[in-house]
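Visitor: Need a 3D model of the following:
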Amino acid sequence: MYSAVKSNAMSEAAARAQVGEAVDRVLALNCEPTNRVFGDSYELIEFSASVDCEIDGDEAVLTVYYFVNADDYNEGMGDFNYSDCMFTIE
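Guide: Next up is the predicted model:
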């Protein structure tokens with residue numbers, strides 16, 4: 001699914017291999033909705049958070065993306081499964 005959403009998406013393990021502890025920092029942040037929705041019936045709402053990081057001395061931005069079921073979000077269900085996420089580095 002991720003490659004359909006973000007062409008440069010990567011797993012947590014791949015992100016850790018490139019930016020190490022920055023993954024822990026971004027995972028500790030509160031995510032905000034991005035106002036993007038996905039799926040044929042707009043069933044997923046995207047949330048994200050970002051931190052500055054470095055790759056080989058160059059500045060970069062690590063972003064984590066989570067996708068929440070729109071029905072659960074609209075019904076106010078507070079315990080979302082945030083284990084399904086992806087990362088980008090730009």
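
Visitor: from here on, contacts and neighbour counts on C-alpha atoms
Guide: Will do.

Visitor: what about the helices in this protein?
Guide: Counting by DSSP state H, one finds helices in the chain at the ranges 2-5, 12-19, 22-27, 70-74.

Visitor: which regions of this structure lie under the pLDDT threshold?
Guide: Applying pLDDT under 70 to the chain flags residues 1-5, 38-42, 76-83.

Visitor: Arg25 versus the residue nearest the centre of the chain, what's the distance?
Guide: For the chain, the residue nearest the mean C-alpha position is Tyr65 (1.3 Å; C-alpha atoms, centre = their mean). Noted for Tyr65: a distance of 14 Å to Arg25, by C-alpha to C-alpha, to the nearest Å.

Visitor: Ok, Asn8 next?
Guide: According to C-alpha to C-alpha, Asn8 stands 20 Å off from Arg25.

Visitor: would TSV of the helices of the chain with distance to Cys85 and mean neighbour count be doable?
Guide: Formatted as TSV, the helices of the chain follow (distance: least, C-alpha to C-alpha, whole Å; neighbours: other C-alpha atoms under 10 Å):
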stretch	distance to Cys85	mean neighbour count
helix 2-5	9	11
helix 12-19	8	15
helix 22-27	10	18
helix 70-74	16	13
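
Visitor: and of those, who's closest to Ile89?
Guide: Ile89 lies closest to helix 12-19 among the helices of the chain, at 7.7 Å (C-alpha to C-alpha).

Visitor: could you say what helices and strands that closest one packs with?
Guide: Packing partners of helix 12-19 (3 or more C-alpha pairs under 8 Å, 6 or more residues apart in numbering; DSSP states H and E): helix 22-27, strand 44-55, strand 85-89.

Visitor: and with 7 Å instead?
Guide: strand 44-55, strand 85-89 (3 or more C-alpha pairs under 7 Å, 6 or more residues apart in numbering; DSSP states H and E).

Visitor: got the angle between the shortest one and helix 12-19?
Guide: Taking axes from the mean of the first three to the mean of the last three C-alpha atoms, to 10 degrees, one finds that strand 85-89 is oriented at 20 degrees with respect to helix 12-19.
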